[in-house]
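>>> Sharing a model prediction with you, sequence too.
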Protein chains: 2
Amino acid sequence: MTVKQLSLPSLVDACVRLGVPAVGLWREPVAAYGLEGAAKCVRDAGLTVTSLCRGGFLTAIDATDRARALADNRAAIDEAAILGTNTLVLVSGGLPPGSRDLVAGRERVADALSVLAPYAGERGIRLAIEPLHPMFASDRCVVSTLTQALDLAERFPSDQVGVVVDTYHIWWDDTAPAAVSRAGAQGRIHSVQLADWITPLPAGALNGRGQLGDGAVDLRAWRELVEAAGWTGFIEVELFNDGLWAREGVEVLAETAGRYLDCVFR
Amino acid sequence: MTVKQLSLPSLVDACVRLGVPAVGLWREPVAAYGLEGAAKCVRDAGLTVTSLCRGGFLTAIDATDRARALADNRAAIDEAAILGTNTLVLVSGGLPPGSRDLVAGRERVADALSVLAPYAGERGIRLAIEPLHPMFASDRCVVSTLTQALDLAERFPSDQVGVVVDTYHIWWDDTAPAAVSRAGAQGRIHSVQLADWITPLPAGALNGRGQLGDGAVDLRAWRELVEAAGWTGFIEVELFNDGLWAREGVEVLAETAGRYLDCVFR
């Protein structure tokens, strides 16, 4: 999604040329390219698919809406398996129209997970609950903290449900480091994503994530934190940023890879 | 600030006519009108001044900047005393340029409070630390949760330093209700403010607070929560909203008073 301006073959080609060994994919561009073709494209290039984004949106009250959401998530699990990744990222969903009850919303997410977790487990897919920044609590994700995500995940086996550690969403939270350690001890860190925090936020707040190093997040410290918690997997960079999307994609990918080395590892 | 389009005399007149018995003031319009004149205006009308907004911005590293901030906060304390309120609201300040250390920023706030709290106490003024929504953590306020605010306040006597409970900033936080109870038990709820949460956020995220009843916050539940924690004082409505500011001020004040009764009390 960081370079959504690139077609799937261009993305794969650029990753190979730049030495980027793994990539996270999103459902919409995969579907647009064709699921089987996308799977073959990344497989033939030798790329690891770190995760598929995204399932979720499980907070509906209406029975028809809930059934539709469950069906869509089963489809996402199947797609993840075909793409060869073991991780499906879940964004919980916001408050349904007229609701002001975040607690009940999170309970409906738990109810849905009780259906989806075994389905995912049978297919070798781990569901990764992503807490989104509290500024998205009403309209996008009732799970706002890593602790909340972990409280949900803990109701299920760790090989079925875990959490996403995304610096953009949790960097401000002084309780998040302890939650990272707790998640690591349980084997529930299923995905690690990086973005920097920059201001001012754009209208809608969605597409203002900062290039690594441009903002307020101590990315190196977070990398060390997840490693101390046992994380040995790939780390994704996920930048929703209108400015980056307006630029030439391969250039943005190269810049991002460079920032990753400079701001996260050195 | 909800009706900043009104002059101070117009605001006071409208409050009296609408039966609004108390008002929170901001330093800038008070200074523009004249401090002594403003104090006389509200006093002659029999209005209670619930609080003065705002002091704070105490996170600077540079010694000159820190000294300037302390001097400004002493001035704000003096102004509060002249206006006849017992509460000065503090917004902590964000990360200084180049800093990525929220913990150190909060410690500098504590250092400043150790100077300001006795000064305030001698003048009968309570400092009220306001946690701002995490979306303001980098540029405006390193104190993002009521728990963090209370952890800071607890280092000082409760008649010198307490917290602000503002629904706009903490409504999403499932740990906030316990923090409200804890603050109440310590006599540290020094201000209660209401605004609703609406989306989409405007660019900059600052002036998109929702009119009571328009958004996702269960305002009645929060009112009951602070009352259960022992709060018997006035409740402020603080709406930063470009749409409301563009309308006729008395009309907005009347609407807000009506919403307050309909959405918070009934």
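That came through, no problem. No experiment lies behind these values; they were computed from the predicted model shown.

>>> And residue A:46, how far from residue A:25?
As judged by Cβ to Cβ, to the nearest Å, residue A:46 and residue A:25 stand 15 Å apart. In short, each C-beta sits where N, CA and C put it, glycine included.

>>> Same question for residue A:125.
In terms of Cβ to Cβ, residue A:125 sits 14 Å off from residue A:25.

>>> where do the contact lists of these two overlap?
Common contact partners of residue A:125 and residue A:25 (Cβ atoms under 8 Å, 6 or more residues apart in numbering or on different chains): residue A:85.

>>> residues in the stretch 101-250 of chain A within reach of chain B, list them.
A:101-103, A:133-135, A:137-139, A:144-145, A:148, A:171-174, A:197, A:199-205, A:215-218 (Cβ under 8 Å from any Cβ of the partner chain).

>>> Weed out the non-buried ones from these.
A:101-102, A:133-135, A:137-139, A:144-145, A:148, A:171-173, A:197, A:199, A:201-202, A:205, A:215-218 (16 or more other Cβ atoms under 10 Å in any protein chain shown).

>>> Now intersect those residues with the helices, please.
Among those, the residues falling in helices (DSSP state H) are A:102, A:148.

>>> Now do the contacts for the spatially closest residue to residue A:206 that is not a sequence neighbour.
Excluding the flanking residues, the one nearest residue A:206 by Cβ to Cβ, 6 or more residues apart in numbering or on different chains is residue A:240, at 6.1 Å. The contact partners of residue A:240, taken as Cβ under 8 Å, 6+ apart, are A:1, A:195, A:206, A:207, A:208, A:209.

>>> Can you tell me which of those has the most neighbours?
When neighbours are taken as other Cβ atoms under 10 Å in any protein chain shown, the top entry among those is residue A:209 (28 neighbours).

>>> Quick one: list the elements packing against the host helix or strand of that residue.
Residue A:209 belongs to strand A:209-210 when elements are defined using DSSP states H and E. Packed against strand A:209-210 by the contact rule (3 or more Cβ pairs under 8 Å, 6 or more residues apart in numbering or on different chains; DSSP states H and E) you find strand A:196-197.

>>> Compare neighbour counts for residue A:46 and residue A:25 and give me the winner.
residue A:25 (24 against 10).

>>> show me where chain A has strands.
Using DSSP state E, the strands of chain A run over A:22-26, A:48-56, A:87-91, A:126-129, A:161-166, A:189-194, A:196-197, A:209-210, A:236-237.

>>> could you dump the ones you listed to TSV with distance to residue B:82 and mean pLDDT?
Putting the strands of chain A into TSV (distance: least, Cβ to Cβ, whole Å; pLDDT from 0 to 100) gives the following:
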stretch	distance to residue B:82	mean pLDDT
strand A:22-26	58	98
strand A:48-56	54	98
strand A:87-91	51	98
strand A:126-129	52	98
strand A:161-166	48	98
strand A:189-194	50	98
strand A:196-197	39	98
strand A:209-210	43	98
strand A:236-237	53	98
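
>>> Reformat those as CSV; add distance to residue B:37.
Below are those laid out as CSV (distance: least, Cβ to Cβ, whole Å):
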stretch, distance to residue B:37
strand A:22-26, 60
strand A:48-56, 56
strand A:87-91, 53
strand A:126-129, 56
strand A:161-166, 52
strand A:189-194, 53
strand A:196-197, 43
strand A:209-210, 45
strand A:236-237, 56
